[in-house]
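*Asks:* please work out how this folds:
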Amino acid sequence: MSIPDNILLQVEKPARYLGNELNMVVKNPDEVKIRFAFCFPDAYEVGMSHLGLQILYYFLNERNDTYCERAFAPWIDMEKIMREQGIRLSALESQQSLDKFDFVGFTLQYEMSYTNIINMLDLSGIPVLSKDRRDSDPIICAGGPCAYNPEPLADFIDFFYIGEGEVMYNDILDMYKEHKEKGGCREDFLKSLMSLPGMYVPRFYEAHYNDDGTLKAFEPLLPEAPEKIKKVFVSDMKQAYFPEKQLVPLLEAVHERVTLEVFRGCIRGCRFCQAGYVYRPVREKAHEQLIEQAAGLINCTGHEEISLVSLSTGDYREFQPLAVGLLDKFAGDKVSLSLPSLRIDAFNLELMNRVQEVRKSSLTFAPEAGTQRLRDVINKNITEEEILNGCHLAFQGGWNRVKLYFMTGIPTEDTDDLKGIARLCEKIVEEYYSVMKKEENKEMRKRNRPVSLVISAACFVPKPFTPFQWVAQESADGFRKRIFTIKDSIQKKQVRVNYHSPEVALIEGVIARGDRRVGQVIYRAWELGARFDGWGEHFKYELWDQALKETDTPGMSFYTNRKRPVDELLPWDHIDPGISKAFLIREQSKALQEATTPNCRQHCGGCGIWECESYKAEKEKCPLENKI
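*Replies:* Now for the predicted structure:
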């Protein structure tokens, strides 16, 4: 162990630092050509619940010449001891310091984990700034959904991988192995990377700014540096790599279950949802393949729950045979089925009753807005009637507790929309008691269980590559007023309101739409002590406020509360996810007109995913019924 037992006994959850889990890959580090550290910049129990880690961990370890190991952000107590005693951050498998690796790769799932990235590099003895690294230092790379705006981390990351990891990593590692055998320098390797699609090397680009702080130009510094970096994606999910095993954490993780990825992409086009745009097009797996994968994973993990993961599981074409097939196969073994992303209009009472036979679960729905007008603005494409009908079926099936997700600060939102959340909740409560009054439900009435609605009110953060990427974000005081309006409007004692921190939303907004200068803010916040900013008890707004004031940036309101003209050059315009800007402008205009766009299976909206040069070869595989 790189950390002695006497230290492990002093910290919370020492199992975070042990490794040696069930299904961990064991190789001799001295017998491989390439060492890759997969780093999750959050606590162990969060990272071990991430499907992407499981996929890439086994995908990279399929190579005989590569050893992929894991590292997670050490908790506050462990970091303190590590710094006091000069202990470096190590990988769980070999317990060797990350500065001994060829690659150190970070997955970017959430902007509020960025200070942890800097902290992990520093604890590993790796120079934090890319320009300070020598040939003997690891290559630092990053990918994931937040990489679609790489600029806030451009000073710290050597290259960004834009797209899905299974596509290009073999080519990257083959190129690196050849480069290493020839004794090449890191600069030459980074230059050669630009010949591969999806690779963005920030050091070979320079940003220029106008006097008002906006981006004037984004200039490639080398002839081989492409003006646009096009994402890469798996074209056929039926042939996509999926591990036969999954790591089983040593302590209780956020999610302890077998995770099945049923499809990638989304047909819905909710205008606030970045994932729904950058993960296009929709690509599905066959339900027979998923059932077979589930059987293998249950056998090798011992988990008692299977979770179907996608952006909207009810939109999977083979959802019914998959769900029924899994229930039939595993019900006798008391293995339950979890449906975390089921739309309320896809609620099926017969199926959900079968799910409840194994293990009772709570229900979560996401109306997002309290009025039909605002749901049309965000293109949620769900009616109040469908919401009430879904709740009616749930109550009839025996549920009495429902969680509802809403957002505040959505563009065009007014007081009536906020009070509409209260009105909708009141109708849902009334729906419950109307169900209980029915004669056939007298047995449920005898149990005398009151209905419980839990509302979660998130603060809206505009994200790149959405129709709302140009809008002004609400201020902290504005968010608070909106939250208080919701709370004051709710009269029913059966309804409880939880809400997110407006200050966290503002810092997330700064980073999400930030340019390269925001890297100074992240670095300064880290110097001041910012860690685990996504955890409410550790977030310190005053550190970020100080960092914004002490660094050379246009300030908070420039990044958050400023409306951008559609012709402004944006910090992420050199990244191409396959969605045309003209489509996003069109969708923004429709939002302001309160007009909806049908989902992709009803009618192709012309987003451009199949018109990009790199994707034309895949156009004939388009799953949409109405092609462009």
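
*Asks:* so Arg496 sits in a strand?
*Replies:* Yes - Arg496 sits within a strand when classified using DSSP: H, G, I helix; E, B strand; the rest coil.

*Asks:* show me what it is bridged to.
*Replies:* In this entry, Arg496 is beta-bridged to Val454, by DSSP bridges.

*Asks:* gap between it and Ser362?
*Replies:* Between Arg496 and Ser362 the distance is 13 Å, computed by CB to CB, to the nearest Å. Yep, even glycine has a C-beta here, placed from its N, CA and C like the rest.

*Asks:* same deal with Met175?
*Replies:* Going from Met175 to Ser362 by CB to CB gives 48 Å.

*Asks:* which of those two has more residues huddled nearby?
*Replies:* When Met175 is set against Ser362 and neighbours are counted by other CB atoms under 10 Å, the residue ahead is Met175, at 16 against 10.

*Asks:* do you know the pLDDT at the more buried one?
*Replies:* In the predicted model, Met175 carries a pLDDT score of 97.

*Asks:* and Ala617, by the same measure?
*Replies:* As predicted, Ala617 sits at a pLDDT of 50.

*Asks:* and if you look at Arg134?
*Replies:* The model's pLDDT for Arg134 equals 97.

*Asks:* got the contact list for it?
*Replies:* Contact analysis of Arg134 by CB atoms under 8 Å, 6 or more residues apart in numbering lists 127, 186.

*Asks:* which non-adjacent residue is nearest Asn498?
*Replies:* Spatially, and ignoring its direct neighbours in sequence, Asn498 is nearest to Ser456 (5.0 Å; CB to CB, 6 or more residues apart in numbering).

*Asks:* cool, Arg423 as well?
*Replies:* Spatial nearest neighbour of Arg423, excluding adjacent residues (CB to CB, 6+ apart): Gly370 at 6.8 Å.

*Asks:* is it true that that neighbour touches Lys427?
*Replies:* No - no contact is recorded between Gly370 and Lys427 when judged using CB atoms under 8 Å, the distance being 10.5 Å.

*Asks:* now do the shared contacts for those two.
*Replies:* Taking CB under 8 Å, 6+ apart as the contact criterion, Gly370 and Lys427 have no common neighbours.

*Asks:* look at the two and report which has more neighbours.
*Replies:* Relative neighbour count places Gly370 above the other of Gly370 and Lys427, with 26 against 13, counting by other CB under 10 Å.

*Asks:* on the three-state scheme, that one is what?
*Replies:* For Gly370, the assignment made with three-state DSSP gives coil.

*Asks:* per-residue pLDDT, it?
*Replies:* Residue-level confidence at Gly370 comes out at 96, pLDDT.

*Asks:* and the biggest helix by length in the chain, what's buried?
*Replies:* As assigned by DSSP state H, the longest helix anywhere in the chain is helix 415-436. Along helix 415-436, the positions that meet the burial threshold by neighbour count (16 or more other CB atoms under 10 Å) are 417-422, 424-426, 428-429, 431-432, 435-436.

*Asks:* what's the domain layout of this structure?
*Replies:* The chain resolves into domains spanning 5-230, 257-361, 577-621 when parsed by automatic domain parsing.

*Asks:* of these, which is nearest Ile507?
*Replies:* Set against Ile507 and scored by CB to CB, these come closest in domain 5-230, at 7.0 Å.

*Asks:* which ones are touching Ser475?
*Replies:* Neighbours of Ser475 in contact, by CB under 8 Å, 6+ apart: 502, 506, 560-561.

*Asks:* dump these into JSON lines; add pLDDT, neighbour count and secondary structure as well.
*Replies:* Written out in JSON lines, the entries for these read as follows (pLDDT from 0 to 100; neighbours: other CB atoms under 10 Å; DSSP: H, G, I helix; E, B strand; the rest coil):
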{"residue": "Pro502", "pLDDT": "97", "neighbour count": "21", "secondary structure": "helix"}
{"residue": "Leu506", "pLDDT": "98", "neighbour count": "24", "secondary structure": "helix"}
{"residue": "Thr560", "pLDDT": "97", "neighbour count": "23", "secondary structure": "coil"}
{"residue": "Asn561", "pLDDT": "96", "neighbour count": "16", "secondary structure": "coil"}
